[in-house]
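Visitor: Test case, fold it:
(chains A and B)
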Number of protein chains: 2
Amino acid sequence: MTAFTDPLAFDGPVTLALVEQADHADPLALLRERFSLPADVIYLDGNSLGALPRGVAEQVQRAVVQQWGEGLIRSWNDAGWYPAPGRVGARIAPLIGAQPDEVIVTDSTSLNLYKLVCAALALRPQRHRVLCEQGDFPTSLYMTRSAARQAQAEVMALNPEDVLDAIDEQVAVVVLTHVNYRTGRRHDLPVMTRRAHDMGALVLWDLCHSAGAMPCDLGAHGVDFAVGCGYKFLNGGPGAPAFAMVARRHQAGLSQPLTGWFSHAQPFAFEDEYQPAEGIARLLVGTPPVLSLLALESALQAFDEVDLQALRRKSLSLTGLFMRLIDQELGGLGFEMLTPRVADSRGSQVSIAHPLAYPIMQALIARGVIGDVREPNILRFGFAPMYIRHLDVWRAVAHLKSIVQSGVHHDPIYHQRKAVT
Amino acid sequence: MTAFTDPLAFDGPVTLALVEQADHADPLALLRERFSLPADVIYLDGNSLGALPRGVAEQVQRAVVQQWGEGLIRSWNDAGWYPAPGRVGARIAPLIGAQPDEVIVTDSTSLNLYKLVCAALALRPQRHRVLCEQGDFPTSLYMTRSAARQAQAEVMALNPEDVLDAIDEQVAVVVLTHVNYRTGRRHDLPVMTRRAHDMGALVLWDLCHSAGAMPCDLGAHGVDFAVGCGYKFLNGGPGAPAFAMVARRHQAGLSQPLTGWFSHAQPFAFEDEYQPAEGIARLLVGTPPVLSLLALESALQAFDEVDLQALRRKSLSLTGLFMRLIDQELGGLGFEMLTPRVADSRGSQVSIAHPLAYPIMQALIARGVIGDVREPNILRFGFAPMYIRHLDVWRAVAHLKSIVQSGVHHDPIYHQRKAVT
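Guide: Here you go, the predicted structure:
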């Protein structure tokens, strides 16, 4: 099953028989049954919006009809709405290698980044520098700069390969995304974290493109803070609330400025003076969007008893196969590989550049092969190892080849821009 | 139908016949059919969590099964997820007297307060004082203080009756809640707003306990900013996202620190430099919780063609009747009225104090009469005029009387504290 992990090491041409053999030998093949996928779609955008796990629709319906409609306000106690942010966080914790009381689900990744950059700067009051990388997901840069401005700290946005050497004793916190959204390049989390700690700095990892696709082992590497997305590889549904992780050792001293009543030590005492809750609940702000939160909780059941190491192996096999097939089938058609070929250096997506990326992707989508594009010229394909098969990869490349060879992407219909790309 | 509006002006005892007559003459009686209410419940907590409007469960199911499950990422364009925050805001706008492009649905009330206090302070850079009131909903005080701290402004929290006279030319912004969550006391929004403007100050109104229960006429009174809750009288479901209103004249110069990618002028250009969107979209932060947002959108259909003036009249009749019956039926049983008896000075709830408020409310809830309690001794009853009948008020008071007269609330079972009160 791991035959395709390293596209460089693989000998000879990839054939359909080999691909089918890989699926046949896949120990995780049955996980696909945990999802409801349209029959006519090859879905390579689970890194943007995860597919619908089975059981979620029924759970959401119960939440609306029984918990809200019949239970009404009583459901805050009786249906467990009130402890849901911590409960769902505890369910995510093992997926990222954290302790149950180190993770909470609340707000969006953007907001959690803001809170934790503020919190990190407050823990390093003698330092006034934040390191991050150019080309990171924009909200990370925007929120980091805004949080730093509040604390009169400077933000240095470096090329990703220059970050490690720039971590010195001036740096308060290093804010990095584990897997880059555009290129699929994966940072060396253990090395970067160790370097930061050696310099007395803190690390804040954005796991948007890794949580749910690979183990992250935050605890093993002593990561201080992390944030991540509920709706990508965790499959929590459109705009599912995000998670935030704070290592236990930082929780008692944690201070963040979005001090809403849900983070109060006793929210239902309704005190005029703010007194922060103990522990991870300090990151809550207002009333959580319960329906979206319960959809995420239900979705996480798809991870029950899933071996994350095996998931990572499958993910690498899928991306490795895709890279290999791009080389084998699409040579001379104008594509350029953007994702690192070394397994340790990539996430669960592959990005390829082409001058006509946008119309090519629209033509692919019209054929049911769904990926997305990123400016200016990137075709992005996510391979969610929970439900993507090697055969899907094979077929996707065949469609891609057919489109570019036939020139069907020159049809003006595929050049019309949509709001969300 | 308006016979009970003013409990002081009403002559003679209230009888069941009069109560039934009021329901019979109620021009809004049929609105109750737009909601799915349990048969065995008198629901007087719509000011905390609104009841489930019919049609919402089906719409949420479609959003999960068809839009997410089958449409997948395509639904951001094809199902209109992307413009939903503005679209749902535009649907709320007429309910609060604002223009469609002045309202957006995003995040929680707490977060929107933070953004708009920051924005208001930035619009009055020469002033460094924020006025608010003691005893306001805690998150308002917490978030206002935190936002003010960022701008080195001071917060003066005054007794509500002292706020008007304290508005002077030092004040940048007055932050007030239209209807107080504990007492049901309603501020004079036009007078307060005019005074603030006369002094060159801005106003930020929290409409959590008024939107959906009465017209607010923000535009007519020139209100600068407002925030409010989606899950109380707007019935958007547990933790529904909140709304924020910014008068058009302030939108171009608006600046707020939670600069997530959804508030970028071109989110899908993925630029490293932040450039705020034009207009109200500047208040967005991260990806919205779509399922909760669409539940709210569907819920708002219950307001189609509803006359807000008639809704306010009915609300006053319900609260007036309740106050009258408290006086008539519960004299000498230890209750104290906390809500102003003057119609213009109250919202759509009535609060009464009793030393044994908590067990009395638990005994009421056990009988299907659902209100809530607020520390230290307040029984709180909300009267959502969309679905509450005068007969419900009559029956609720009868239950209340029976409980206190019989002493059943002394049963230890009713003294056990729950997490959410």
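Visitor: Please make it C-alpha for all contacts and neighbour counts, starting now.
Guide: Fine.
Visitor: Just give me how far stretch A:200-209 sits from the chain centre.
Guide: Distance of stretch A:200-209 from the chain centroid (C-alpha atoms, centre = their mean, to the nearest Å) equals 13 Å.
Visitor: correction: stretch A:13-27
Guide: 27 Å.
Visitor: mean confidence for that stretch?
Guide: Computed over stretch A:13-27, the mean pLDDT rounds to 95.
Visitor: and what of stretch A:281-301?
Guide: The model assigns stretch A:281-301 a mean pLDDT of 98.
Visitor: Check stretch A:47-59 too.
Guide: The model assigns stretch A:47-59 a mean pLDDT of 98.
Visitor: close to chain B, is it?
Guide: Yes. Stretch A:47-59 reaches chain B (C-alpha under 8 Å from any C-alpha of the partner chain) through A:Ser48, A:Leu49, A:Gly50, A:Ala51, A:Leu52, A:Ala57.
Visitor: show me what contacts the fifth one?
Guide: Shown in contact with A:Leu52 (C-alpha atoms under 8 Å, 6 or more residues apart in numbering or on different chains): A:Phe35, A:Ser36, A:Leu37, A:Asn235, A:Gly236, A:Gly237, A:Ala299, B:Val64, B:Val65, B:Trp68, B:Gly69.
Visitor: who does it bridge with?
Guide: On the basis of DSSP bridges, A:Leu52 is bridged to A:Ser36.
Visitor: So which bits of the stretch 101-250 of chain A are right by chain B?
Guide: Counting by C-alpha under 8 Å from any C-alpha, the stretch 101-250 of chain A sits next to chain B at A:107-111, A:114, A:134-143, A:146-147, A:150, A:237-241.
Visitor: what about 7 Å?
Guide: A:108-110, A:135, A:138-139, A:141-143, A:146, A:150, A:237-241 (C-alpha under 7 Å from any C-alpha of the partner chain).
Visitor: now for the residues you listed, which pair is the farthest apart?
Guide: Distance extremes for these: the farthest pair is A:Gln150 and A:Gly237 at 32.8 Å, using C-alpha to C-alpha.
Visitor: any idea how far A:Phe35 lies from A:Val393?
Guide: Note on A:Phe35: its distance to A:Val393, by C-alpha to C-alpha, to the nearest Å, is 18 Å.
Visitor: Which one's more surrounded, those two?
Guide: Neighbour count, other C-alpha atoms under 10 Å in any protein chain shown: between A:Phe35 and A:Val393, A:Val393 has more, with 24 against 20.
Visitor: and the longest strand along chain A, what other elements does it pack with?
Guide: Counting by DSSP state E, the longest strand found in chain A is strand A:171-177. Counting contacts by 3 or more C-alpha pairs under 7 Å, 6 or more residues apart in numbering or on different chains; DSSP states H and E, strand A:171-177 packs against helix A:109-123, strand A:129-133, strand A:202-206.
Visitor: can you list contacts of the first one?
Guide: Here helix A:109-123 makes contact (C-alpha atoms under 7 Å, 6 or more residues apart in numbering or on different chains) with A:139-140, A:143-144, A:147, A:172-173, A:202, A:227-229, A:242, A:244, A:254-258, B:260, B:285-286.
Visitor: If we use 8 Å, what do you get?
Guide: Helix A:109-123 is touched from outside by A:106, A:127-128, A:139-140, A:143-144, A:146-148, A:151, A:172-173, A:175, A:202, A:204, A:225, A:227-229, A:241-244, A:253-258, A:283, B:258, B:260-261, B:285-286, with contacts defined as C-alpha under 8 Å, 6+ apart.
Visitor: Could you do stretch A:77-86 as well?
Guide: With C-alpha under 8 Å, 6+ apart, stretch A:77-86 has contacts from A:67, A:71, A:75-76, A:101, A:103-106, A:280-281, A:288, A:290, A:293-294, B:418-420.
Visitor: Could you export the contacts of A:Leu52 as TSV, including distance to B:Gly334 and secondary structure?
Guide: Formatted as TSV, those follow (distance: C-alpha to C-alpha, whole Å; DSSP: H, G, I helix; E, B strand; the rest coil):
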residue	distance to B:Gly334	secondary structure
A:Phe35	58	strand
A:Ser36	58	strand
A:Leu37	61	coil
A:Asn235	53	coil
A:Gly236	50	coil
A:Gly237	50	coil
A:Ala299	50	helix
B:Val64	50	helix
B:Val65	53	helix
B:Trp68	54	helix
B:Gly69	56	helix
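Visitor: ok, so what distance separates A:Val342 from chain B?
Guide: According to C-alpha to the nearest C-alpha, to the nearest Å, A:Val342 stands 26 Å off from chain B.
Visitor: show me what contacts that residue?
Guide: Shown in contact with A:Val342 (C-alpha under 8 Å, 6+ apart): A:Asp6.
Visitor: quick one, which of A:Gln150 and A:Gly237 is more surrounded?
Guide: Legend: neighbour count by other C-alpha under 10 Å for A:Gln150 and A:Gly237, higher for A:Gly237 (29 against 15).
Visitor: That one and A:His209: what is the separation?
Guide: As judged by C-alpha to C-alpha, A:Gly237 and A:His209 stand 15 Å apart.
Visitor: For B:Leu218, which of the helices and strands packed on strand A:171-177 is the nearest?
Guide: helix A:109-123 (28.8 Å).
Visitor: How far away from the center of its chain is that closest one?
Guide: For helix A:109-123, the distance to the chain centre is 18 Å (C-alpha atoms, centre = their mean).
Visitor: Compute the inter-axis angle for it and strand A:171-177.
Guide: 160 degrees (axes from the mean of the first three to the mean of the last three C-alpha atoms, to 10 degrees).
Visitor: what is the orientation angle of helix A:109-123 with strand A:202-206?
Guide: Going by the same axes, to 10 degrees, helix A:109-123 makes 180 degrees with strand A:202-206.
Visitor: Next up, phi/psi of the nearest residue to A:Gly236 once chain neighbours are set aside, please.
Guide: Among residues not flanking A:Gly236 along the chain, A:Leu296 sits closest, at 3.8 Å (C-alpha to C-alpha, 6 or more residues apart in numbering or on different chains). In terms of degrees, to the nearest 10, the main-chain angles of A:Leu296 are phi -60, psi -40.
Visitor: Surely A:Leu296 touches A:Pro238?
Guide: No. Counting by C-alpha atoms under 8 Å, A:Leu296 does not reach A:Pro238; the two are 9.6 Å apart.
Visitor: Run through the stretch 201-350 of chain A and note the low-pLDDT ranges.
Guide: Filtered on pLDDT under 70, the stretch 201-350 of chain A yields no residues whatsoever.
Visitor: So which residues of it form strands?
Guide: Assigned by DSSP state E, counting those that start in this stretch, the stretch 201-350 of chain A shows strands spanning A:202-206, A:225-228, A:243-246, A:336-337, A:349-353.
Visitor: As CSV, those strands with distance to B:Leu189 and mean neighbour count would be great.
Guide: Output for the strands of the stretch 201-350 of chain A, formatted as CSV (distance: least, C-alpha to C-alpha, whole Å; neighbours: other C-alpha atoms under 10 Å in any protein chain shown):
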stretch, distance to B:Leu189, mean neighbour count
strand A:202-206, 44, 25
strand A:225-228, 41, 27
strand A:243-246, 39, 28
strand A:336-337, 61, 17
strand A:349-353, 54, 25
